[in-house]
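**Q** Next come a sequence and a model predicted from it.
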Amino acid sequence: MRASEVLNAGIGYCNTKSTLFCAMLRGAGIPARQHFVDISARILDGLLDPGTPFVDHSFVEVDLDGRTHAVDAYIVDRSLFDAARERLFSEARSLGYGVHRDGVCDWDGKADAFSQFVRTGSDPAPTTRDYGVHADVGDFYRRGSRWNRLNIALRIGIPFFIPGPNARAQALRRATPG
Amino acid sequence: MRRRELLISLTGMTMAACSTPSAMLEQFEVSTSLMPTRYLDFEHSDMQAAIVEACAGAATDR
């Protein structure tokens, strides 16, 4: 999806929101790039089972004040983030419901900020594969390894199974006070 | 002596050839990091409106 399509859809996941965030930064005159990796599929525990041990993910590299910051803290909204973290702590797990228990969901422009993985510690390994920087998500899927290319069946099927995870995320928000 | 001068000259040329592309690469990297692409279509009117709104909001927040 193009950034303008994500904007108008009003909903998205890591890669589409990465596209939107990167485009917004560039539009505001701040240099930014999309960096693609694989992360543990356990990030989706409680929401959906993709049937693979890992899922592709992207974060945005932002050039600001003479250094490059890596950010994916724009993916999960505050209410879902807080609810998910509370559930993860109660279940003594580090990953699930779309967040990493030690992640953050805001960015102050002073340091790296991740919501879906952290670069310290070993549980779980931050990334399983690093695809590096690509011009945009279209470039990544054209050049990426075969498994993460969206084939026609997936393109048609995704809209039908997305409502389930969305409903589970919404239920999680409602179940957690505050 | 001429051989020594040649080596010095070649060393200088090699250093220049290595450093110049690096500098150019940095400029290239910064410039491409600000450009629109097919999917990073920030020149779209809806995107422009959203960016203006975000910038106005940021100014108000200060």
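**A** Structure received.
**Q** Quick one: residues contacting the residue in chain A sticking out farthest from the centre.
**A** The C-alpha centroid of chain A is most remote from residue A:66, which lies 25.3 Å away (CA atoms, centre = their mean). Listed by CB atoms under 8 Å, 6 or more residues apart in numbering or on different chains, residue A:66 has no contact partners. In short, each C-beta sits where N, CA and C put it, glycine included.
**Q** State the distance from it to chain B.
**A** Separation of residue A:66 from chain B (CB to the nearest CB, to the nearest Å) stands at 12 Å.
**Q** what do you get for residue A:15?
**A** Separation of residue A:15 from chain B (CB to the nearest CB) stands at 10 Å.
**Q** Leaving out chain neighbours, which residue sits closest to that residue?
**A** residue A:58 (5.1 Å; CB to CB, 6 or more residues apart in numbering or on different chains).
**Q** Could you do residue A:84 as well?
**A** residue A:97 (3.6 Å).
**Q** For chain A, which residues are neighbours of chain B?
**A** Residues of chain A found near chain B (CB under 8 Å from any CB of the partner chain) are A:1-4, A:7-8, A:19, A:22-24, A:26-29, A:31-33, A:63, A:135-139.
**Q** on that earlier part again, helix or strand for the residue nearest to residue A:15, which one?
**A** Assessed by DSSP states H and E, residue A:58 sits inside strand A:54-64.
**Q** Each with direction, which strands does that strand pair with?
**A** Strand pairing for strand A:54-64, using DSSP bridges, gives strand A:32-40 (antiparallel), strand A:67-71 (antiparallel).
**Q** just to revisit the earlier point, I'd like to know how far the residue nearest to residue A:15 sits from residue A:139.
**A** For residue A:58, the distance to residue A:139 (CB to CB, to the nearest Å) stands at 11 Å.
**Q** what about the two, which has more around it?
**A** For residue A:58 versus residue A:139, the count of surrounding residues by other CB atoms under 10 Å in any protein chain shown is larger for residue A:58: 26 against 16.
**Q** what's the pLDDT at the more buried one?
**A** We note a pLDDT of 90 for residue A:58 in this prediction.
**Q** my guess is it contacts residue A:36, does it?
**A** Yes. Using CB atoms under 8 Å, residue A:58 is in contact with residue A:36, at 4.9 Å.
**Q** Need the residues touching each of those two.
**A** Common neighbours of residue A:58 and residue A:36, counting by CB under 8 Å, 6+ apart, are residue A:140.
**Q** Enumerate the positions of the host helix or strand of residue B:56 that are buried.
**A** Following DSSP H and E, the helix or strand that holds residue B:56 is helix B:45-61. By 16 or more other CB atoms under 10 Å in any protein chain shown, the buried positions in helix B:45-61 come out as B:47, B:50, B:51.
**Q** Other residues contacting it?
**A** Under the criterion CB under 8 Å, 6+ apart, residues A:3, A:4, A:7, A:8, A:23, A:24, A:27, A:28, B:41, B:42 lie in contact with helix B:45-61.
**Q** The same query, at a cut-off of 6 Å, please.
**A** Contact with helix B:45-61 is made by A:3, A:4, A:7, A:24, A:27, A:28, as judged by CB atoms under 6 Å, 6 or more residues apart in numbering or on different chains.
**Q** wait, which of the residues you listed is closest to residue A:171?
**A** Nearest to residue A:171 out of these is residue A:7 (CB to CB; 26.2 Å).
**Q** show me where pLDDT drops low in chain A?
**A** For chain A, the stretches with pLDDT under 70 are A:120-128, A:144-161, A:176-178.
**Q** I am finished for the moment; much appreciated.
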